[in-house]
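>>> No sequence on hand, only this structure:
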């Protein structure tokens, strides 16, 4: 079953954070077990608040990715750009479809 981790955070340094995400995407490209999709949402009522949705093929692959030292380094760098704590929500993807 696909798995999605939602990371809820605040930052005023989104450009720097986006650079970190882009660099990580290049490092993880072609590697099995890493994230398969990413979506970044900005809260319209609080422009410093963002939700990052990171999709994996399974919970198990997400946990292996989480244990990777490279992932830990990136999380530390992202955390340094955040205001306050990040909140992580772990979800099984029950349904996803395009609506037309």
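Sure, I can see it. Predicted, not measured: the structure shown is a model, and the values here were computed from it.
>>> Next, count neighbours for residue 72.
Neighbour count of residue 72, defined by other Cβ atoms under 10 Å: 11. Quick note: C-beta positions are derived from backbone N, CA and C, even for glycine.
>>> no, scratch that, I was asking about residue 50
Residues lying near residue 50 (other Cβ under 10 Å) number 19.
>>> That one - that's part of a strand, no?
Yes. Applying DSSP: H, G, I helix; E, B strand; the rest coil, one finds residue 50 inside a strand.
>>> Show the pLDDT at it.
Residue 50 is assigned 97 on the pLDDT scale.
>>> same thing with the one 3 residues further on?
If you check residue 53, the pLDDT there is 95.
>>> Nearest residue to it in space, please, no chain neighbours.
Counting by Cβ to Cβ, 6 or more residues apart in numbering, residue 53 lies nearest to residue 39, which is 4.3 Å off, once chain neighbours are set aside.
>>> which secondary element of this structure has the worst mean pLDDT?
Lowest mean confidence among the helices and strands of the chain (mean pLDDT, DSSP states H and E): helix 14-28, at a mean of 86.
>>> any idea which helix or strand comes after that helix?
Downstream of helix 14-28, the first helix or strand assigned by DSSP states H and E is strand 37-42.
>>> strand partners of that following strand, parallel vs antiparallel please.
Strand 37-42 pairs in its sheet with strand 49-56 (antiparallel), by DSSP bridges.
>>> and the helix or strand that the strand it pairs with is followed by, what does it pack onto?
Proceeding N to C from strand 49-56, the next assigned helix or strand is helix 59-67, under DSSP H and E. Contact here means 3 or more Cβ pairs under 8 Å, 6 or more residues apart in numbering; DSSP states H and E; on that basis helix 59-67 packs against strand 3-10, strand 49-56, strand 83-92.
>>> The last one packs against which elements?
Spelled out, that is strand 83-92. Helices and strands touching strand 83-92, by 3+ Cβ pairs under 8 Å, 6+ apart, are strand 3-10, helix 59-67.
>>> Show me what the longest one is in contact with.
The contact list for helix 59-67 (Cβ atoms under 8 Å, 6 or more residues apart in numbering) reads 1, 3, 5, 33-35, 54, 56, 71, 90, 92.
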